[in-house]
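# give the three-dimensional model of this entry:
(2 chains)
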Amino acid sequence: MTVAAEGSPPLRMTRARRNALLQSEPVQGFALISPTFLYALILLVLPILVVIAHSFWTQHYLTIDRTFTLENYRIALTEPIYRDLLWRSLYISLTVSLFTVLLAYPIAYFISFHGGRHKSLWLFLITIPFWTSYLLRVMSWKVILGYNGVLNSGLMGLGIIDEPSTALLYNSSAVIITLTHAWAAFAILPIFVSLEKVDRTLVEAATDLGDGPLRSFLRVTLPLSAPGVISAALIVMIPTVGDYVTPKLVGGKDGVMIANAIQAQFGKAANWPLGAALSVTTMLIVSLIAGATVLIIRTLQRMAR
Amino acid sequence: MRARRFLPGGWLSAYAFLYIVFLYLPVIFLPIFSVNTAATPKFPLTGFTLQWYEDLPRTPALLDAAWNSLIVGVSASLLATVLGILAARSITRYRYPGRRTINGLIMAPLVLPEVIVAISMLLVMLQLGLSLSLFTVVLGHVLICIPYSMTVLTSGFEGFDRSLEEASADLGESAFGTFRRVTLPMVAPAIISSLLVCFTISLDEFIIAFFLTGTEATLPIYIWGQLRFASKLPGVLALGTLLLVASFLLMTIAEILRRRAARRTQNEGGLYA
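Numbers count the residues shown, from 1 in each chain, chains lettered A, B, ... in the order given. Below you'll find the model as predicted:
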């Protein structure tokens, strides 16, 4: 027993109120999530802030000069090497997201509308290859597209070509093919989820009111599944811009992407601030493009109605 | 009555079949060439051998890498799942302001280029004077595993009938007793499923380990090193096949458990839906 417990009524009141507050939903919920939240704060938000800070500094050999400068950004945006790498990374990631979404939509549609009882089995089948090592999946494309690879030896065996083609591997097309394959499952899932939410009676209503299958698809199903298309595009586009393994393994000289340049700045070239500026620039450009994609798809969705 | 739908099912089925072939074909080449006698992977196949598999246990560097991967995978999946349980429970059980923002932040590693996550963590760890080791790899893997853990666990926790816990408390169980005897059995499959998913991700993760490890290699880093030498390729293919089988088994068990968890709490969907 403490003195406070026997104390005056107002004091007991505050304690009661404090207890009530501690047991209230918001406080308990927040307390429960705070370890995870702090973890993300310390190991994600703080590091990104440190990167942003570094991008405004300069490096002299091993010491970092902390005077504010925009020089790194000038280099990142105007030096031809980095400008080209940024453009190429964007081009590759946009192409890959377009292809993955286009290829994934019919599958997601098929599973959602014709999957019957086996929907989850289909989804599981599609996600299995995604759970195998990314490194190995990229490597298997190297095995397929290489000079002595599966495709070349197969085509030669069939008599279609006389000597192995070097055009298959070590260029940006190889990067695009590999990435499209690697991210396929990621695009199917969000589209499938949004197709599942499409009210089937609306499709029937459109048909009853005289819309043909194609028209009712274009005017009802497709616009209603736009949110899934948006998240599929983003989920593929954002990580592929910064892909490191694929360009390194199958990209050759023509397929190098921005992540390889960022890595070089933190490795051999050892210019952290420039690497940081390249990272921030990449994140900003990706966010802009992502925002633009959302806007474009939303506009198309509205026009379709 | 079935409404007429855009595109007949027949065409779509054919497309679905081709798509599955496209998804699986590259992966299938790994096991095929891992039992081929020729050192370069090309057709026609030259003969069957298990030599590349037999060589694996005789490679000390590989065994070290496998051991490192095991340590990292177990630690990362345990930590990520504990943090995932806390967050998923909070998200599904309580309503409070800022809930969505916090959830978004925790899920953010899913939509950030991994290279950027890796280099930003690298910068901070070097600034803090932490020397790079398997420990720093674990820290990184936990961060990227939490979103997956959350997804699996939220699907297990959602639709969880709170009245069961209340009933248990009313009948005189302590908070801990309620947790152990009511909550835990209901969510155990989801928790195990989360552990397996996280372990699989950590086992296969390359970029973060590549940046955050010191001298110790994990399996993907070992593979990466071997890829430079053409003559080592069959060994890599054999190792890759083993990893493939391991991931496949782990994910199948995880999915079965997750479904069981979802069924227990009468909830559909989850990692895939």
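# quick one, strands of the stretch 51-200 of chain B?
Per DSSP state E, counting those that start in this stretch, the stretch 51-200 of chain B carries no strands over any range.
# neighbours around residue A:255, how many?
Residues lying near residue A:255 (other Cβ atoms under 10 Å in any protein chain shown) number 23. (Each C-beta comes from the backbone N, C-alpha and C, glycine too.)
# what about the residue of the stretch 151-300 of chain A found nearest chain B, neighbour count?
In the stretch 151-300 of chain A, the residue found nearest to chain B is residue A:242; the distance is 2.3 Å by Cβ to the nearest Cβ. Using other Cβ under 10 Å, residue A:242 is surrounded by 25 other residues.
# confidence score at the closest residue to it other than its chain neighbours?
Excluding its sequence neighbours, the residue lying closest to residue A:242 (Cβ to Cβ, 6 or more residues apart in numbering or on different chains) is residue B:113, at 2.3 Å. With respect to pLDDT, residue B:113 scores 86.
# next one: the one 5 residues further on
For residue B:118, the model assigns a pLDDT of 92.
# that one touches residue B:211, doesn't it?
Yes. Counting by Cβ atoms under 8 Å, residue B:211 is a contact partner of residue B:118 at 4.0 Å.
# with chain B as the reference, measure out to residue A:137.
Applying Cβ to the nearest Cβ, to the nearest Å, the value for residue A:137 to chain B is 6 Å.
# give the contact list for residue A:26.
Applying Cβ atoms under 8 Å, 6 or more residues apart in numbering or on different chains, one finds that residue A:26 lies in contact with B:94, B:95, B:96, B:97.
# identify the residues contacting the second one.
With contacts defined as Cβ under 8 Å, 6+ apart, residue B:95 is in contact with A:25, A:26, A:29.
# for it, grab phi and psi.
phi -120, psi 130 (degrees, to the nearest 10).
# over to residue A:168: give its phi and psi.
Torsion angles, degrees, to the nearest 10, at residue A:168: phi -80, psi -40.
# so what's the residue count around it?
Residue A:168 has 20 neighbours, counted by other Cβ under 10 Å.
# once you drop chain neighbours, what's closest to it?
Of all residues not flanking residue A:168 in the chain, residue A:145 sits nearest, at 4.2 Å (Cβ to Cβ, 6+ apart).
# residues from the stretch 201-305 of chain A in reach of chain B?
A:203-204, A:207, A:213-214, A:216-217, A:221, A:234-235, A:238-239, A:241-245, A:249, A:259, A:262-263, A:266, A:272, A:275-276, A:279, A:282-283, A:286 (Cβ under 8 Å from any Cβ of the partner chain).
# tell me who's in contact with residue 110.
Since you didn't name a chain, this refers to chain A. Here residue A:110 is in contact with B:9, B:12, B:13, B:15, B:16 (Cβ under 8 Å, 6+ apart).
# hmm, I had chain B in mind actually
The contact partners of residue B:110, by Cβ under 8 Å, 6+ apart, come to A:235, B:147.
# local confidence estimate at it?
Looking at residue B:110, its pLDDT is 84.
# which outside residues touch stretch B:14-24?
Stretch B:14-24 is touched from outside by A:103, A:106, A:107, A:110, A:111, A:122, A:125, A:126, A:129, A:181, A:184, A:185, with contacts defined as Cβ under 8 Å, 6+ apart.
# check the secondary structure at residue A:256 for me.
State at residue A:256, reduced to three classes by DSSP: H, G, I helix; E, B strand; the rest coil: coil.
# neighbours around it, how many?
20.
# give the contact list for it.
Applying Cβ under 8 Å, 6+ apart, the residues near residue A:256 are A:85, A:88, A:247.
# per-residue confidence for residue A:9?
The per-residue pLDDT reported for residue A:9 equals 53.
# helices of the stretch 51-200 of chain B, start to end?
Assigned by DSSP state H, counting those that start in this stretch, the stretch 51-200 of chain B shows helices spanning B:51-55, B:60-93, B:99-107, B:114-127, B:134-157, B:162-170, B:175-178, B:184-204.
# mind putting those into CSV with distance to residue B:243 and mean neighbour count?
Conversion of these to CSV gives the following (distance: least, Cβ to Cβ, whole Å; neighbours: other Cβ atoms under 10 Å in any protein chain shown):
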stretch, distance to residue B:243, mean neighbour count
helix B:51-55, 13, 15
helix B:60-93, 9, 21
helix B:99-107, 27, 16
helix B:114-127, 19, 23
helix B:134-157, 16, 25
helix B:162-170, 40, 13
helix B:175-178, 40, 13
helix B:184-204, 7, 23
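# now distance to residue A:177 too, for the ones you listed, in a markdown table please.
Formatted as a markdown table, the helices of the stretch 51-200 of chain B follow (distance: least, Cβ to Cβ, whole Å):
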| stretch | distance to residue A:177 |
| --- | --- |
| helix B:51-55 | 27 |
| helix B:60-93 | 29 |
| helix B:99-107 | 29 |
| helix B:114-127 | 20 |
| helix B:134-157 | 25 |
| helix B:162-170 | 49 |
| helix B:175-178 | 54 |
| helix B:184-204 | 21 |
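# for these, which one sits closest to residue B:239?
Smallest distance to residue B:239 across those (Cβ to Cβ): 6.9 Å, for helix B:60-93.
# pLDDT averaged over stretch A:221-240 - what is it?
On average, stretch A:221-240 scores 87.
# gap between that stretch and the chain center?
10 Å (Cα atoms, centre = their mean, to the nearest Å).
# buried set for that stretch?
For stretch A:221-240, the neighbour count (16 or more other Cβ atoms under 10 Å in any protein chain shown) marks A:221-240 as buried.
# name the nearest of the contacts of residue A:26 relative to chain A.
When the contacts of residue A:26 are compared for distance to chain A (Cβ to the nearest Cβ), residue B:94 wins out at 2.6 Å.
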